[in-house]
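Participant: A predicted structure for the sequence below; I have some questions about it.
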Amino acid sequence: MRSIRISPLVLSISLSSGAALAAPASDVCSPARFNRVATLPNYLNDTDPSGATVSEIVAANASGSTLVYTDSLLEEVGFLDITDPSAPAPLGKLGVGGEPTSVAVLGENLALVAVNTRESFVDPSGHLALVDIASQTIVSELELGGQPDSVAISPSRRFAAVVIENERDEDVTVDGVEGGLPQAPTGFLAIVDLAGDDPTAWSVRRVDLTGLTSYAPGDAEPEFVDVNERDEAVVTLQENNHVIVVDLASGNIVNQFPAGEVALDGVDTEEDGIISLTSSLTVAREPDAVAWLPGRRGGLIATANEGDLFGGSRGFSIFDRRGDVVFDSGNSLERIAVRHGHYPESRSDAKGTEPESIEYGRFGNTDYLFVGSERGSFVAVYELTRPGQPEFVQLLPAPLGPEGVRAIPERGLLVVSGEEDDPTFGVRSSVMIYQLGSGAQTYPQIVSGDDAAGQPIPWSALSGMAAVPGRSRELYAVWDSYYAESRIFTIDASRSPARITTSLAIAGGSGNYDPEGIAVAPDGTLWIASEGDDAGRPNLLIQTDAAGHVLKEVGLPAEIEACRAATSSRRTLASGFEGVSVVASRDGYSLIVPQQRGWNYTTPECEPLDDDASDTNPAEPSATRLWTYDPTADAWTSVAYDLEPLPPNAGWVGLSEVTSVPGGYIILERDNLSGDFAQLKTLVHVKRGALADGRVTRDEKRSDDLLPHLLATHGWITDKPEGVAVTNDGTLFVVTDNDGVEDWSGETWFLRLGEWKTLFR
């Protein structure tokens, strides 16, 4: 395990130092935008890296130098030093005697932590832990009389408002609704009077929220709270689809209204492996997070409409105090996600992007609204050029499952915390920090344009790439089998960000493909490499015409497939073709096709590799194969390819792509690790003559390390750089696979690495 990726030295890499993040000169003079400057995985904060940890709600002290976040999984709060936002440092964690659900900071040094201590749903309990940040000790506890879920401190510092949710049991069916209401006891709003410097003398008042809603008037179940400069708390009653405004000084309810429902057209409502923005939906908003915005008579109210019992509108809304809708995002947030490759198709039949968090901040003279998508793992940034009229300006890549969003305008910072964690060397729960600046925004690096009907072109999970012959900045790409329909994309790489301009379905043939590579033949036909798997998907080369119609399917010879099956495991059958490239010759052309990982040849009739044991894992072959197919002769040959040694903790090392360059090939070789644990993400240059003796040895490879380019994104490094292409002017491009926004945050990096020859000097 390595933690060097999080060191101040590494995280202070200048954005201008990496060709991967370079932008055209025309983009330099751009308006102020947010860029990610650091990522800190929570396991580094005094936690066993093999165990799970989360960061849900995050807060900052008055100077913005220290963060406090809740870890409900470990029943702790964590502390981070962000004096240098590009090099956050863990400060340790503190147990709070139960599940922390929310946190806010009073002044510089006192954290108010809402703690759930319930024994059961019918017997809720909780307290407010008052934590001295400097000493990381609990100085006092205030009993709340129920299970808290959200806490906010008034700008005047006179009051704290604590939502007491008394959460329902989702396994209980009420009136035919699973997890429905009412379920006693009801929740309420607790007001803490912050009078005096002695926290032990603070008192708690209760505001009854029942009798106001039409769905379950006897069970309020409040969810989230925010407080404005008039000491008014706005509270969402998510399951009741209601919003309430409370005067904290008097404890009186001064406004209350139903959140209503929204009619959506052009959204995806079916989980079918296809992103199709063709359905309609009318659904209750059911708001979760809420934020006060500037406006007349005390301000406007913005809600993130996550949904729960009866749906969720897949967007956000802005209301005035009377409950009139000033703005609703409609289907736009879903379409933003699609355009940026962050749409979670697996959630189409549920709540789509599932906006859960919302935050307001005034940075300089500009008002911003930030909307966090839990399932799309992004934050949409809006400028409020006029009160209640947000204008989308950028999408920020976020941690997996972003839960907390905190603006720190005084320092020009935005902080986002993620609650999802995969300790098996996958995507780790983390805190990400973004800074507002005048330079070019570094994300996204690729988006989609519109189709002929004016709708955003759906894309995600990009795998193989190839240059379009004769076009200096145009590429083809494919997405993999995460989606039910195989497609070919055209990318205009002359723009920044690059733009997907067309999407073409692969039609005909046997279907059931897993496209992992694409190449263009001299006759204009396309060849697609489809990786096989243990579920019956064959390992194939597919030839199509320029319109995507299948002309031919070619598999390995029967005797090779029989050998593979005889020595197979689930892993072996999934280690098929990973890329394809055309090699032109006087007599026509051939195709070179990398096999991702080696097969253990153990039967007498199978041709063994000279060394079929990894340096560090006897069960993992240390070599794989480069296959060559001659379409004219319909013949296959292969050579062995020696893989790099298996890094610590890696399950395997394999090949992900190949592209031809004059006199040789560029091959993408990588391990299966992500983030701090990633060791091997390399581009390998192999001269064509190295294949002549039947084996590519390690000393015949010249490598360029991709890790510095990936580190320059200041995020959690993907395990999957997947596509490589070199245009006719020699420019090399790399694209990463975002796994269809499932078990990955949805980030896609489209790297321009400059002239390929300079990488291998």
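Facilitator: Nice, I can see it.
Participant: every contact and neighbour count from this point should use C-alpha atoms.
Facilitator: OK.
Participant: for the stretch 601-750 of the chain, what spans make up the helices?
Facilitator: Assigned by DSSP state H, counting those that start in this stretch, the helices in the stretch 601-750 of the chain fall at 707-711.
Participant: which residues in it form strands?
Facilitator: Remark: strands assigned in the stretch 601-750 of the chain by DSSP state E, counting those that start in this stretch are 623-630, 635-642, 653-661, 664-671, 681-687, 695-696, 701-705, 721-726, 731-736, 750-755.
Participant: turn the ones you listed into CSV, including mean pLDDT.
Facilitator: Shown next, in CSV, are those (pLDDT from 0 to 100):
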stretch, mean pLDDT
strand 623-630, 94
strand 635-642, 94
strand 653-661, 97
strand 664-671, 98
strand 681-687, 98
strand 695-696, 95
strand 701-705, 97
strand 721-726, 98
strand 731-736, 98
strand 750-755, 97
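Participant: so which of those is nearest Arg168?
Facilitator: In terms of C-alpha to C-alpha, the element of the strands of the stretch 601-750 of the chain nearest to Arg168 is strand 731-736, at 41.0 Å.
Participant: output the strands of the stretch 601-750 of the chain as JSON lines; include the columns distance to Pro409 and mean neighbour count.
Facilitator: Listed next are the strands of the stretch 601-750 of the chain as JSON lines, based on distance: least, C-alpha to C-alpha, whole Å; neighbours: other C-alpha atoms under 10 Å:
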{"stretch": "strand 623-630", "distance to Pro409": "52", "mean neighbour count": "22"}
{"stretch": "strand 635-642", "distance to Pro409": "52", "mean neighbour count": "19"}
{"stretch": "strand 653-661", "distance to Pro409": "42", "mean neighbour count": "27"}
{"stretch": "strand 664-671", "distance to Pro409": "40", "mean neighbour count": "23"}
{"stretch": "strand 681-687", "distance to Pro409": "37", "mean neighbour count": "22"}
{"stretch": "strand 695-696", "distance to Pro409": "55", "mean neighbour count": "22"}
{"stretch": "strand 701-705", "distance to Pro409": "37", "mean neighbour count": "17"}
{"stretch": "strand 721-726", "distance to Pro409": "35", "mean neighbour count": "28"}
{"stretch": "strand 731-736", "distance to Pro409": "32", "mean neighbour count": "22"}
{"stretch": "strand 750-755", "distance to Pro409": "30", "mean neighbour count": "20"}
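Participant: turn those into a markdown table, columns for distance to Gly95.
Facilitator: As requested, the strands of the stretch 601-750 of the chain are arranged in a markdown table below (distance: least, C-alpha to C-alpha, whole Å):
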| stretch | distance to Gly95 |
| --- | --- |
| strand 623-630 | 49 |
| strand 635-642 | 50 |
| strand 653-661 | 40 |
| strand 664-671 | 37 |
| strand 681-687 | 38 |
| strand 695-696 | 55 |
| strand 701-705 | 41 |
| strand 721-726 | 39 |
| strand 731-736 | 39 |
| strand 750-755 | 42 |
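Participant: closest to Arg499 out of those?
Facilitator: If you check each of the strands of the stretch 601-750 of the chain against Arg499 by C-alpha to C-alpha, strand 750-755 wins as the nearest, at 10.4 Å.
Participant: which stretches of the stretch 351-500 of the chain have low pLDDT?
Facilitator: Across the stretch 351-500 of the chain, nothing is flagged by pLDDT under 70.
Participant: how about the strands in it?
Facilitator: So, for the stretch 351-500 of the chain - with DSSP E, counting those that start in this stretch - the strands run 355-363, 366-373, 378-386, 389-397, 402-408, 413-418, 430-437, 446-448, 462-467, 474-479, 487-492, 498-505.
Participant: give me the buried positions along the fourth one.
Facilitator: By neighbour count on 16 or more other C-alpha atoms under 10 Å, the buried set for strand 389-397 is 390, 392, 394-397.
Participant: number of residues surrounding the closest residue to Pro409 other than its chain neighbours?
Facilitator: Nearest non-adjacent residue to Pro409, counting by C-alpha to C-alpha, 6 or more residues apart in numbering: Phe363, 5.0 Å away. Neighbour count for Phe363, taken as other C-alpha atoms under 10 Å: 16.
Participant: cool, and Asn365?
Facilitator: 6.
Participant: so what's the residue nearest to Pro409 bridging to?
Facilitator: For Phe363, the beta-bridge partners under DSSP bridges are Thr366.
Participant: so it touches Leu414, yeah?
Facilitator: No. Using C-alpha atoms under 8 Å, Phe363 is not in contact with Leu414, being 10.3 Å away.
Participant: thanks a lot, catch you later.
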